[in-house]
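> Any chance you can model this:
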Amino acid sequence: MNKIVKFVENILIPILDKYNYELVDVEFKKEGKNHFLRVFIDKEGGITIDDCQIVNEELSEILDKEDPIPYRYYLEVSSPGLDRPLKKDRDFERNKGRLVDIKLKEPLYNKRQIEGKLVDKKDDMLVIDLDGEIIKIPMNIVVWVKVAIKF
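Numbering: from 1, shown residues only. Coordinates of the predicted model:
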């Protein structure tokens, strides 16, 4: 499955560069009896349905020619949504100074979920401003980090 994801990521780079889109994530998963190839893209100002259609059509054309996936699958191209996890270094860089929710594998400061301002991500450490106190959270205990959504 990882080979398929890497192959698709390499195909996507020139397509996304052409339109100034950002690759957020690629997933290839089996759910029930079906396989799904999901591509999540973004751009400054947000992704539209037309953006998703452009990438879907160009990617489909290449995948049909190359035929790298030995299964029947559904291709889905979409926006990652507001509550997407921050995964890549550029996600953390872009969201410095914003309030984030962090879910932990094990308690830290007697909490499994922490909300604070993202100061930085350095190597394997997340630096958070927790009500004026700077704390460091090892990434190996982080399940996910998401920008906090307040209404």
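
> what stretches of this protein score poorly on pLDDT?
1 (pLDDT under 70).

> What residues of the longest strand along the chain count as buried?
In the chain, with assignment by DSSP state E, the single longest strand is strand 111-122. Buried residues in strand 111-122, counted by 16 or more other C-beta atoms under 10 Å: 114, 116-119, 121. Every residue, glycine included, has its C-beta placed from N, CA and C.

> Now do the helices in this protein.
With DSSP state H as the criterion, the chain has helices at 2-19, 49-66, 89-94.

> for these, which one sits closest to Lys146?
For the helices of the chain, proximity to Lys146 was assessed by C-beta to C-beta; helix 89-94 is nearest, at 10.1 Å.

> from the chain's centre, how far out does the closest one sit?
11 Å (C-alpha atoms, centre = their mean, to the nearest Å).

> Show me what that helix is in contact with.
With contacts defined as C-beta atoms under 8 Å, 6 or more residues apart in numbering, helix 89-94 is touched by 22, 24, 86, 118, 120-121, 126, 145.

> what is the residue lying closest to Lys136 once chain neighbours are set aside paired to in the beta sheet?
Residue nearest to Lys136 in three dimensions, not counting chain neighbours: Met125, with 5.0 Å by C-beta to C-beta, 6 or more residues apart in numbering. Taking DSSP bridges as the rule, Met125 bridges to Lys122, Pro138.
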